[in-house]
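S.K.: fold the following.
(chains A and B)
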Amino acid sequence: TQLLEQSPQFLSIQEGENLTVYCNSSSVFSSLQWYRQEPGEGPVLLVTVVTGGEVKKLKRLTFQFGDARKDSSLHITAAQPGDTGLYLCAGEGGTSYGKLTFGQGTILTVHP
Amino acid sequence: NAGVMQNPRHLVRRRGQEARLRCSPMKGHSHVYWYRQLPEEGLKFMVYLQKENIIDESGMPKERFSAEFPKEGPSILRIQQVVRGDSAAYFCASSLLPGQGAREQYFGPGTRLTVT
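M.R.: I've put the predicted structure just below:
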């Protein structure tokens, strides 16, 4: 069974601070996807990383895939209240073709 | 371009009734996935379907749950004789043909099932 450990579970910070969310596994994934979910809505895809060591930037968000494709991180620079939400990492591939294995999620609250 | 559509958005059923959840994938997507999000828990995979085929149902409970994706029409997740423990948000996702590279999945807004 593939597992993704996501940390921290909760994060409460002030506007302007930086933060990092981590996703770790003992399994190798073909790709890793990061989502953001608002209350009452479905997850919205932010980015997909495929290559070990890959770094992708989306405005103030930086996503990294570990060299061994077992872990990933999401770094937000100068967080804003609009960044508040649930962030989810999800791994695909390896022994689980097609289906996504999700981390537990990180609930981020950015205070103005 | 329309995204993944799910209906109904909210569904209330009494114990013992049947629940039918519908999902229309994004245009051009032929692969559908169903996930369940229980209160205080993360998203869990249930089933992966291609048109007229079940590819992976390893996450489906053995009894009362079934899924289909017919040649024409939406994918259906069916729960027979619902129990209170079935109360959850059910999400559908779709992707293009899987192949080399990442198979990005796009999610619908979900169906919130409440069993009374």
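S.K.: CA only for contacts and neighbour counts going forward, please
M.R.: Will do.
S.K.: if we ignore the residues flanking it in sequence, what's nearest the residue of chain A found nearest chain B?
M.R.: Taking CA to the nearest CA, chain B has its nearest neighbour within chain A at A:G42, 4.3 Å off. In this structure, A:G42 finds its nearest non-sequential neighbour in B:P109, 4.3 Å apart by CA to CA, 6 or more residues apart in numbering or on different chains.
S.K.: for burial, what's the neighbour tally of the residue of chain A closest to chain B?
M.R.: 22 (other CA atoms under 10 Å in any protein chain shown).
S.K.: what's near enough to touch residue 25?
M.R.: Chain wasn't specified; assuming chain A. Residues in contact with A:S25 (CA atoms under 8 Å, 6 or more residues apart in numbering or on different chains) are A:Q2, A:L3, A:L4, A:E5, A:K70, A:D71.
S.K.: you answered for a different chain; I wanted chain B.
M.R.: B:G3, B:V4, B:M5, B:H31, B:V32, B:P74, B:A93, B:S94.
S.K.: which residue sits closest to the fifth one, ignoring its sequence neighbours?
M.R.: Counting by CA to CA, 6+ apart, the nearest residue to B:V32 once its immediate chain neighbours are dropped is B:S94, at 4.4 Å.
S.K.: tell me what the most centrally placed residue in chain B is bridged to.
M.R.: With distances taken as CA atoms, centre = their mean, the residue of chain B nearest its centroid is B:W34 (3.2 Å). With DSSP bridges as the criterion, B:W34 is bridged to B:V47, B:C92.
S.K.: who in chain B is up against chain A?
M.R.: Proximity of chain B to chain A, by CA under 8 Å from any CA of the partner chain, involves residues B:33, B:41-45, B:47-48, B:91, B:98, B:101-110.
S.K.: narrow those residues to those in strands?
M.R.: B:Y33, B:L43, B:K44, B:F45, B:V47, B:Y48, B:F91, B:Y106, B:F107 (DSSP state E).
S.K.: any idea how far whichever residue of chain B sits closest to chain A is from A:P39?
M.R.: Distances between chain B and chain A by CA to the nearest CA are smallest at B:P109, namely 4.3 Å. Taking CA to CA, to the nearest Å as the measure, B:P109 falls 10 Å from A:P39.
S.K.: and chain A, which residues reach chain B?
M.R.: Residues of chain A lying close to chain B by CA under 8 Å from any CA are A:30-31, A:33, A:40-45, A:48, A:50, A:92, A:98-105.
S.K.: cutoff 10 Å now
M.R.: When proximity is defined as CA under 10 Å from any CA of the partner chain, chain A approaches chain B at A:30-33, A:35, A:37, A:40-45, A:47-51, A:88, A:90, A:92-93, A:96-105.
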